[in-house]
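Participant: let me see the structure of the following:
(one chain, ligands or ions: 2)
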Amino acid sequence: MSDCLFCAIASGGIPADVVASTDRVVAFRDIQPQAPVHVLIIPRAHHDDVPSIADVDPTLVAEMFALAAQVARAEGIDATGSRLVTNTGADGGQTVPHAHVHLLGGRRLSWPPG
Ligand code: 5GP
Ligand code: ZN
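Facilitator: Numbers count the residues shown, from 1 in each chain. Ligands and ions are numbered 1, 2, ... in the order given. So this is what the prediction gives:
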């Protein structure tokens, strides 16, 4: 999709701190981290949000979760725990309209969300 920030990051057109990738998924550090570990996991292909992927390519959702687990191990937070978040639409607080999962960890996270 033209003019999509995360499409540009996935293709290398806009730089990002990429920590892991596969042929279909890319993981890179959030530019405004909310925890010591804050990594975004995105599909290379454009999808508006995670529910849209679940409809058309559920295996891709599994691949995103698998890469998140790999990054959690690489970042050393698999033992202490982490949180996967996917914000969808206005009420969910989604600000970038390219599907992504947040991996957060490295400190005790609060619950419930505000
Ligand atoms: P959302 O609010 O849509 O769930 O999350 C979007 C995330 O993308 C935010 O946490 C924001 O900090 C991050 N973000 C926005 N622009 C950029 C960017 O240019 N580079 C990186 N690495 N992260 C970004
Ligand atoms: Zn996109």
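Participant: what's the burial count for the closest residue to residue 11 other than its chain neighbours?
Facilitator: Leaving aside its chain neighbours, residue 11 sits nearest to residue 44 (7.6 Å; criterion: CB to CB, 6 or more residues apart in numbering). From N, CA and C alone the C-beta is placed, and that goes for glycine too. For residue 44, the neighbour count with other CB atoms under 10 Å is 16.
Participant: identify the bridge partners of the closest residue to residue 81 other than its chain neighbours.
Facilitator: Nearest residue to residue 81, sequence neighbours excluded (CB to CB, 6+ apart): residue 105, at 6.5 Å. Residue 105 has these beta-bridge partners by DSSP bridges: residue 37, residue 82.
Participant: quick one: secondary structure of residue 41?
Facilitator: Assigned by DSSP: H, G, I helix; E, B strand; the rest coil, the conformation of residue 41 is strand.
Participant: isn't it up against residue 29?
Facilitator: No - applying CB atoms under 8 Å as the test, residue 41 and residue 29 come out as separate, 11.2 Å apart.
Participant: show me which of those two is the more surrounded one.
Facilitator: Neighbour totals were compared for residue 41 and residue 29, and residue 41 leads with 27 against 17 (other CB under 10 Å).
Participant: for the more buried one, what are its contacts?
Facilitator: With CB atoms under 8 Å, 6 or more residues apart in numbering as the criterion, the residues that contact residue 41 are 25-27, 64, 67-68, 71, 100-101, 103.
Participant: can you count the residues close to residue 65?
Facilitator: When counting by other CB under 10 Å, one arrives at 15 neighbours for residue 65.
Participant: got it, and residue 80?
Facilitator: Residues near residue 80, counting by other CB under 10 Å: 12.
Participant: could you point out where the protein is predicted with low confidence?
Facilitator: Where the chain drops to pLDDT under 70, the residues are 1.
Participant: okay, angle between the longest helix along it and strand 37-43 too, please.
Facilitator: Identified as the longest helix of the chain according to DSSP state H is helix 58-74. Relative orientation of helix 58-74 and strand 37-43, computed by axes from the mean of the first three to the mean of the last three CA atoms, to 10 degrees: 160 degrees.
Participant: helix 58-74 - contacts with which helices or strands?
Facilitator: Applying 3 or more CB pairs under 8 Å, 6 or more residues apart in numbering; DSSP states H and E, we find helix 58-74 packed against strand 18-21, strand 25-29, strand 37-43, helix 50-56, strand 82-85, strand 101-105.
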